[in-house]
Structure formats: C-alpha cells, structure tokens
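Mind looking at a prediction? Sequence and model below.
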Amino acid sequence: MAAQIMTVAQHKGGAGKTTLVAHLAVTWAEAGQRVAILDTDPQASLGTWHRQRQAALGRRAQPLAYGAATGWRVRSELDRLSRTSDVILVDTPPSAGPDARPSLRFSSAVLVPVQPSPLDLWATKPVLDEIRRERSRPLIVLTRVPARARLTNEVLAELARLHCPIALARLGNRTAYAATLAVGASVADWAMQDEPWCLDAAREIKILSDEVLDFAVGRVAEPYGAPAGRVLVGA
Ligand SMILES: Nc1ncnc2c1ncn2[C@@H]1O[C@H](COP(=O)(O)OP(=O)(O)OP(=O)(O)O)[C@@H](O)[C@H]1O
Ligand SMILES: [Mg+2]
C-alpha cells in the first residue's frame with residue numbers, strides 16, 4: 001500500500017484516540033496531504049464527527065476521505081483508501097482484538113495516547129505488547145497534559161521503563177479540542193478563522209503532526225523521548 005497508514009490505539013476508554021485522529025487529520029490536510037480517516041470502532045464517534053463536518057462546513061472543510069470497517073473488512077478499506085490518499089489515520093476501539101489488529105499490522109506508526117494518570121499508565125503496556133506482536137512501531141503521545149508538571153514527570157519516569165519512543169510534542173488539557181470536535185470542526189479550522197482560543201492547540205497539533213510524519217517515514221532515529229536522545233536522521 002502506497003499511503004502512510006497510522007493507527008491510534010489505546011485499550012483504555014476515553015484516552016483521547018478519536019480526538020487525536022480528527023485534529024491530526026485536518027492538520028495534515030491543511031498542509032496539503034491527501035488524508036483519509038478510517039473508523040474501526042463500532043461506537044463510530046469518528047464517523048459522527050465526519051458527518052457533522054460535512055453538514056456544518058460543506059465545501060469549506062478540508063476534504064477528508066472517510067471509511068468505516070470492522071474485522072476482516074478493515075484490510076479492504078485500507079486498500080481502497082490508499083489508492084487516493086497520502087496518509088490514512090485509523091481510529092480504533094478501546095479494546096484489544098480483531099478490529100484493531102489489521103491496521104496495526106499495516107501501520108508505519110501506531111500512536112498511543114497516554115494521559116498523565118496512573119490509570120492510563122497501567123493500560124499502556126498491554127497495548128504496546130499488542131502493537132509489537134504485530135511488528136509495528138508504537139509512539140506514545142502524551143495528551144491532556146496539565147500545566148502543573150509534577151504528575152507528568154512521574155508518569156514519564158514510569159513510561160521510560162516501557163522502552164517505547166515518546167513524542168516530544170504533547171497536547172495540553174484544552175477545551176478547544178472538545179469544543180471544536182463537538183461541531184464537526186478541528187482546532188486547525190478555527191485557528192484559520194482567527195479564533196484566538198484555538199491558536200495554542202492548533203500550534204501544538206501542528207508540531208505533533210510534523211513529528212509523527214518524521215517518525216513514520218523513519219526520519220527520526222529511535223530511541224528517543226528525552227530531548228537529548230532525539231536524533232534527526234540526515235540532519
Ligand atoms: N487534549 C485534550 N484536552 C482536553 N480534552 C480532551 C483532550 N483529548 C481528549 N479530550 C476529551 O476527552 C474525552 C475522550 O476523548 P476521546 O473520545 O477522543 O477518547 P477515545 O479514546 O476516543 O474514547 P473511546 O475509547 O471511548 O473511543 C472527550 O470528551 C474529549 O473531548
Ligand atoms: Mg474513540
């Protein structure tokens with residue numbers, strides 16, 4: 001498959017998977033990539049967001065190809081979307097199992113959102129094991145990071161034991177992510193319309209989107225996670 005496939009996976013419910021997919025997708029589309037999103041979660045939140053997007057923004061929306069599939073149909077949906085896309089972002093359900101596995105296998109990177117809380121931490125090792133069983137490359141993305149850093153640093157110290165790359169870019173705990181999603185938009189859409197309360201969120205998503213693409217295409221040498229440990233290949 002020619003497209004870069006990236007899956008967002010985390011067994012814990014409410015970890016921020018769908019939020020990450022939607023905002024990254026629009027940001028890459030703004031940057032000129034042909035982006036597809038694939039919903040493999042039977043809850044279909046991503047599909048609902050996409051439908052609202054079409055209704056609310058119509059032609060003003062950055063175009064995103066959309067697919068939904070579970071089980072064995074995931075593979076054929078990926079094939080279909082990859083014919084017309086540069087990047088496919090896959091949302092997964094909050095559980096291990098057959099709905100997530102095919103996209104893990106074909107992904108050049110699997111993003112694992114982790115909120116700085118013990119509950120998220122405990123859920124992370126099983127999902128990393130599942131990703132590695134499918135011979136894919138996980139990248140932890142810290143999300144809903146509060147302004148106060150103490151718990152985040154404790155969680156980071158624990159995550160270091162999992163020997164998994166951690167994105168340097170992090171998403172803060174910002175109402176802009178939820179508020180824009182609720183109306184079928186993204187922080188990038190609203191930042192373009194000069195909504196000042198979305199600017200910080202749009203900026204951090206843009207930085208993350210660049211880092212994730214570098215990781216997916218192998219422009220960043222592993223392991224990294226601590227700034228000093230990050231090496232840009234060819235830089
Ligand atoms: N960075 C963030 N800042 C603030 N709120 C966030 C952030 N990320 C996610 N949320 C909120 O957290 C809640 C759960 O997010 P989301 O639905 O994306 O999680 P999920 O992992 O897809 O959930 P599920 O496992 O049920 O599919 C939502 O209300 C969302 O708006
Ligand atoms: Mg979800």
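Done, it's in. Ligands and ions are numbered 1, 2, ... in the order given.

which residues does the residue lying closest to Ala147 once chain neighbours are set aside contact?
Using CB to CB, 6 or more residues apart in numbering and skipping the chain neighbours, the partner closest in space to Ala147 is Gly172 (7.4 Å). In short, each C-beta sits where N, CA and C put it, glycine included. The contact partners of Gly172, by CB atoms under 8 Å, 6 or more residues apart in numbering, come to 144-147, 200-201, 204.

Go again with 10 Å.
Going by CB atoms under 10 Å, 6 or more residues apart in numbering, Gly172 touches 142-147, 200-201, 204.

Look at the closest residue to Ala68 other than its chain neighbours and report its pLDDT.
Leaving aside its chain neighbours, Ala68 sits nearest to Asp39 (4.4 Å; criterion: CB to CB, 6+ apart). Looking at Asp39, its pLDDT is 97.

same question, Ala226
46.

quick one: what helix or strand has whichever residue of the chain sits closest to ligand 2 in it?
Residue nearest to ligand 2 within the chain: Thr18 (3.3 Å; CB to the ion). Secondary structure assignment for Thr18, by DSSP states H and E: helix 17-30.

Spell out whether that helix and ligand 1 are in contact.
Yes: under the criterion of CB under 6 Å from any ligand atom, ligand 1 is reached by helix 17-30 at 17-19.

if we can go back for a sec, around the residue lying closest to the residue of the chain closest to ligand 2 once chain neighbours are set aside, how many other residues sit close by?
Ranked by CB to CB, 6+ apart and with sequence neighbours excluded, the top spatial neighbour of Thr18 is Ser45, at 4.8 Å. Using other CB atoms under 10 Å, Ser45 is surrounded by 16 other residues.

can you give me the angle the helix ranked longest in the chain makes with helix 17-30?
Ranked by residue count and defined by DSSP state H, the top helix of the chain is helix 199-216. Orientation of helix 199-216 against helix 17-30 (axes from the mean of the first three to the mean of the last three CA atoms, to 10 degrees) gives an angle of 80 degrees.

tell me the mean pLDDT for helix 199-216?
95.

Is any residue of that helix near ligand 1?
No: applying CB under 6 Å from any ligand atom, one finds helix 199-216 separated from ligand 1 by no less than 7.8 Å.

on that earlier part again, pull up the gap between the residue nearest to Thr18 and Pro93, please.
Distance of Ser45 to Pro93, computed by CB to CB, to the nearest Å: 10 Å.

for Gln52, same thing?
In this view, Gln52 and Pro93 are 20 Å apart by CB to CB.

So which of these two has more stuff around it?
More neighbours surround Pro93 than the other of Gln52 and Pro93, with 19 against 15 (other CB under 10 Å).

quick check, that one in a strand?
No: using DSSP: H, G, I helix; E, B strand; the rest coil, the assignment for Pro93 is coil, not a strand.

show me what contacts it?
9, 11, 13, 17, 39-44, 70, 99-100.

Look at Ile140 and give its secondary structure.
Under three-state DSSP, Ile140 falls in the strand class.

Nearest residue to Arg170 in space, please, no chain neighbours.
Nearest to Arg170 is Leu142, by CB to CB, 6+ apart, at 4.3 Å.
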